[in-house]
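[1] pasting the sequence and the predicted model now:
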Amino acid sequence: MENKAQGLKKRSSILIIDDEEQVRCLLGNILAVAHECTFASSAEEAMRVLKAIKFDLVISDINMGGVSGLDLVPYVLEESPETVVVMISGQQSIDAAIQAMRAGAFDYITKPFGLLHVEAAVTRALAHQQLLEDRKYYESHLQDLVRQRTAEVERLAYFDTLTDLPNRVLFEDRLTEALKRAQRDNRMLGVSMLRVDRFKKMNDAFGHILGDRLLRDIAQRIQTAIGDRGTLARFEGDEFALLHDETDSSEKLLEALRHLNQSLQVPFVVDGHELFTTVSLGISLFPTDGETPQELLKNAGVALDRAKSLGGNTSQFYRADMNARALERLTMEAELRRAMENKEFILYYQPQVDLVTNRIVGAEALIRWQHPQRGLLLPADFISLAEDSGLILQMGEWALRAACTQATLWRKDGLEGLRVSVNVSPHQFQQDNFVETVAQILAETAVDPATVDLEITETSIMENADRVVTRLSQLQRMGLRIAIDDFGIGYSSLGYLKRLPIDMLKIDRTFVSDATTDPDDAALVMTIITLAHNLRLKVMAEGVETEEQLRFLRLLKCDEGQGYFFGKPWPPGEFFTKAIGAGSTEAPVLSCHP
């Protein structure tokens with residue numbers, strides 16, 4: 001075997017096989033300038049070479065002693081399907097060429113051969129070989145892509161894309177198998193449904209990107225806490241499910257859940273924000289609470305709803321009477337929808353007082369539901385249900401229109417300059433058409449915009465700061481005043497508020513109620529008032545109920561106050577009578593309680 005190699009650049013590799021040295025040398029002289037040429041004097045020698053080296057092109061004589069070139073072709077193609085074979089022979093007949101092609105050769109060169117003839121045949125053969133290589137690459141790439149996409153589709157069918165946890169489908173499958181084992185072994189099995197308390201508020205405050213990161217971190221921490229003692233799955237949103245298939249008592253299950261809760265007590269740090277989370281849990285047990293995956297999941301969900309209704313951060317085992325509560329909630333949602341159609345909602349108004357002049361300067365519009373059977377219901381009885389069902393948008397628009405209409409009527413009846421404050425839900429504020437809706441209501445009711453305050457929660461202003469600034473600026477240009485409601489319980493800072501076009505902060509009642517007994521709350525109220533005034537913002541204190549609280553707020557030069565010390569929420573007519581009775585100026589100092 002002879003080998004001629006020239007240059008460092010990778011060139012096409014050619015194996016030249018002929019039992020005549022003169023022919024090998026001639027072909028080598030023609031081809032070795034542009035290609036890597038290897039030589040063999042027989043088919044047998046060529047086979048040994050082909051075992052070790054892959055060639056782009058094989059040029060072989062047909063008639064050689066021993067194995068013929070025609071018998072060699074199938075061997076070459078089996079060893080390397082992308083290798084192209086060109087046969088050479090002294091036979092000039094068409095039959096010889098056809099015989100070579102049938103054996104698997106790509107082309108046929110007759111002896112004696114000329115330079116141009118050989119170069120042209122080799123060029124064609126190498127071009128064909130490149131096509132075969134390309135086809136192999138793309139077929140292989142396509143197969144890899146199909147396998148990858150198939151694996152992705154299969155994973156999407158069974159795993160959650162955000163947390164990489166099992167999804168509902170896979171969880172129910174594992175629960176089905178666990179139930180078979182539990183039935184066979186006559187042992188207990190537990191299913192827990194879990195939701196993150198206040199997650200929607202945090203998601204609204206910081207945005208969905210941070211919310212998703214928080215969910216991933218929570219999932220990882222819970223997974224670490226339970227280890228291999230159960231299956232954790234994410235269903236949707238902030239809802240997770242836990243399968244406890246290695247427990248023999250409710251006490252051991254509770255112990256595992258306490259360990260889970262302890263793991264969540266350490267705050268999460270996401271994008272520089274320190275977030276404290278708690279969870280609510282609903283638990284159902286096999287066989288007492290159900291014998292199928294559907295029954296156990298449904299009843300765990302009912303228990304979870306009960307835990308959430310108790311304020312969260314608690315665990316509830318399923319009880320049969322919980323189904324009645326769940327049915328009651330569904331019934332109330334249907335009644336809530338009918339209430340909008342039947343005009344069962346009314347607005348009450350609570351006085352807002354200037355703490356310097358003691359004058360009534362405004363009234364906060366507070367929604368009530370005049371239920372046909374249950375009587376007058378407060379917001380705590382139905383607002384969360386309205387938010388969950390989406391009715392809060394329709395309800396919020398109605399409340400704004402009704403309050404603006406009432407303000408117009410009061411002005412005509414002599415209550416000049418009285419401001420009416422209307423609460424705006426986060427979901428309502430984030431609607432794309434919110435500004436247009438407000439402008440339409442102002443026009444329809446012919447209200448003076450200077451007499452309308454919009455109270456917006458902290459959570460509403462935390463997502464997409466540029467968009468919030470633009471929206472608040474548009475509302476202010478209409479002549480409206482903007483107040484940040486329940487300030488102090490959210491996640492904003494006065495540094496952030498400095499960027500916002502707002503007019504007032506309303507200190508949350510939880511700080512005001514303890515300000516005269518708790519030094520920490522007193523310091524917080526003082527700090528908010530001082531810094532707000534430095535930002536040229538007015539401050540209103542909510543929940544003023546005692547004269548001692550009023551003196552404390554006046555000492556700190558708080559601008560306005562609202563609470564039962566000045567008056568409870570009244571129907572429009574009663575509010576008008578009391579306001580007119582006070583000469584429209586002097587606020588009646590009342591210690592009335594509902």
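    Happy to help now that I have it.

[2] strands along the stretch 251-400 of the chain, start to end?
    268-270, 273-275, 279-286, 315-317, 345-354, 360-371, 375-377 (DSSP state E, counting those that start in this stretch).

[3] quick one: list the elements packing against the first one.
    Read it as strand 268-270. helix 208-226, strand 273-275 (3 or more C-beta pairs under 8 Å, 6 or more residues apart in numbering; DSSP states H and E). C-betas here are computed from N, CA, C, even on glycine.

[4] ranges for the helices of the stretch 251-400 of the chain?
    Ranges of helices within the stretch 251-400 of the chain are 293-309, 322-342, 383-389, 392-412, based on DSSP state H, counting those that start in this stretch.

[5] quick one: residue 146 is in a helix?
    Yes - applying DSSP: H, G, I helix; E, B strand; the rest coil, one finds residue 146 inside a helix.

[6] confidence score at it?
    With respect to pLDDT, residue 146 scores 75.

[7] related to what we said a few turns ago, right, and the helices of the stretch 251-400 of the chain - which one's nearest residue 549?
    helix 383-389 (26.0 Å; C-beta to C-beta).

[8] buried set for the closest one?
    Under the neighbour-count criterion of 16 or more other C-beta atoms under 10 Å, helix 383-389 has 383, 385, 386, 387 buried.

[9] contacting residues around the last one?
    So the one you mean is residue 387. Residue 387 sits next to 425, 427 when contact means C-beta atoms under 8 Å, 6 or more residues apart in numbering.

[10] residue 392 contacts residue 385, correct?
    No - under the criterion of C-beta atoms under 8 Å, residue 392 is not in contact with residue 385, lying 9.3 Å apart.

[11] and the strands in the stretch 451-594 of the chain?
    452-457, 481-487, 504-507, 538-542, 560-562.

[12] could you do the stretch 51-200 of the chain as well?
    57-61, 84-89, 107-110, 189-196.

[13] one step back: could you dump the strands of the stretch 251-400 of the chain to TSV with mean neighbour count and distance to residue 407?
    Output for the strands of the stretch 251-400 of the chain, formatted as TSV (neighbours: other C-beta atoms under 10 Å; distance: least, C-beta to C-beta, whole Å):
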stretch	mean neighbour count	distance to residue 407
strand 268-270	15	42
strand 273-275	14	39
strand 279-286	24	40
strand 315-317	21	44
strand 345-354	21	10
strand 360-371	22	9
strand 375-377	13	23
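
[14] those strands into a markdown table, with extra columns for distance to residue 26?
    Formatted as a markdown table, the strands of the stretch 251-400 of the chain follow (distance: least, C-beta to C-beta, whole Å):
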| stretch | distance to residue 26 |
| --- | --- |
| strand 268-270 | 76 |
| strand 273-275 | 80 |
| strand 279-286 | 85 |
| strand 315-317 | 91 |
| strand 345-354 | 103 |
| strand 360-371 | 102 |
| strand 375-377 | 105 |
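
[15] quickly note the distance from the most centrally placed residue in the chain to residue 521.
    For the chain, the residue nearest the mean C-alpha position is residue 212 (4.7 Å; C-alpha atoms, centre = their mean). Relative to residue 521, residue 212 is positioned 34 Å away (criterion: C-beta to C-beta, to the nearest Å).

[16] how about residue 140?
    Using C-beta to C-beta, residue 140 is found at 70 Å from residue 521.

[17] of the two, which one has the most company?
    residue 521 (18 against 10; other C-beta atoms under 10 Å).

[18] wait, doesn't the more buried one sit right on residue 508?
    No - using C-beta under 8 Å, residue 521 is not in contact with residue 508, being 10.2 Å away.

[19] give me the pLDDT for residue 585.
    Per the predicted model, pLDDT is 42 at residue 585.

[20] same deal with residue 404?
    So residue 404 comes in at 96 (pLDDT).

[21] residue contacts, it?
    420, 422, 441, 442, 445, 447, 452.

[22] out of those residues, flag the one nearest to residue 24.
    residue 441 (96.5 Å).

[23] give me the contact list for the helix or strand harbouring the closest one.
    Assigned by DSSP states H and E, residue 441 belongs to helix 434-445. With C-beta under 8 Å, 6+ apart as the test, helix 434-445 has contacts from 397, 400-401, 404-405, 407-408, 428, 431, 449, 452, 454, 471, 474-475, 478, 480.

[24] ok, of those, which come out buried?
    For those, buried by 16+ other C-beta under 10 Å: 397, 400-401, 404-405, 407-408, 428, 449, 452, 454, 471, 474-475, 480.

[25] show me where the stretch 101-250 of the chain has helices.
    So, for the stretch 101-250 of the chain - with DSSP H, counting those that start in this stretch - the helices run 115-158, 168-185, 199-206, 208-226, 250-263.

[26] okay if I get those helices as a markdown table plus distance to residue 554?
    As requested, these are arranged in a markdown table below (distance: least, C-beta to C-beta, whole Å):
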| stretch | distance to residue 554 |
| --- | --- |
| helix 115-158 | 62 |
| helix 168-185 | 57 |
| helix 199-206 | 32 |
| helix 208-226 | 40 |
| helix 250-263 | 44 |
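
[27] ok, which of those comes nearest residue 566?
    Nearest of the helices of the stretch 101-250 of the chain (C-beta to C-beta): helix 199-206, 29.0 Å.

[28] now that closest one and helix 208-226, what's the angle there?
    Put simply, helix 199-206 runs at 140 degrees to helix 208-226, going by axes from the mean of the first three to the mean of the last three C-alpha atoms, to 10 degrees.

[29] check the residue nearest to residue 274 when sequence neighbours are not counted and give its pLDDT.
    Residue nearest to residue 274 in three dimensions, not counting chain neighbours: residue 267, with 4.8 Å by C-beta to C-beta, 6 or more residues apart in numbering. pLDDT for residue 267: 88.

[30] can you tell me how far residue 279 is from residue 221?
    Taking C-beta to C-beta, one finds residue 279 at 11 Å from residue 221.

[31] joint contacts of those two?
    residue 264.

[32] from residue 268, how far off is residue 415?
    Taking C-beta to C-beta, one finds residue 415 at 49 Å from residue 268.

[33] and the residue nearest to residue 274, what does it touch?
    So residue 267 contacts 274, 275, 276, 277 (C-beta under 8 Å, 6+ apart).
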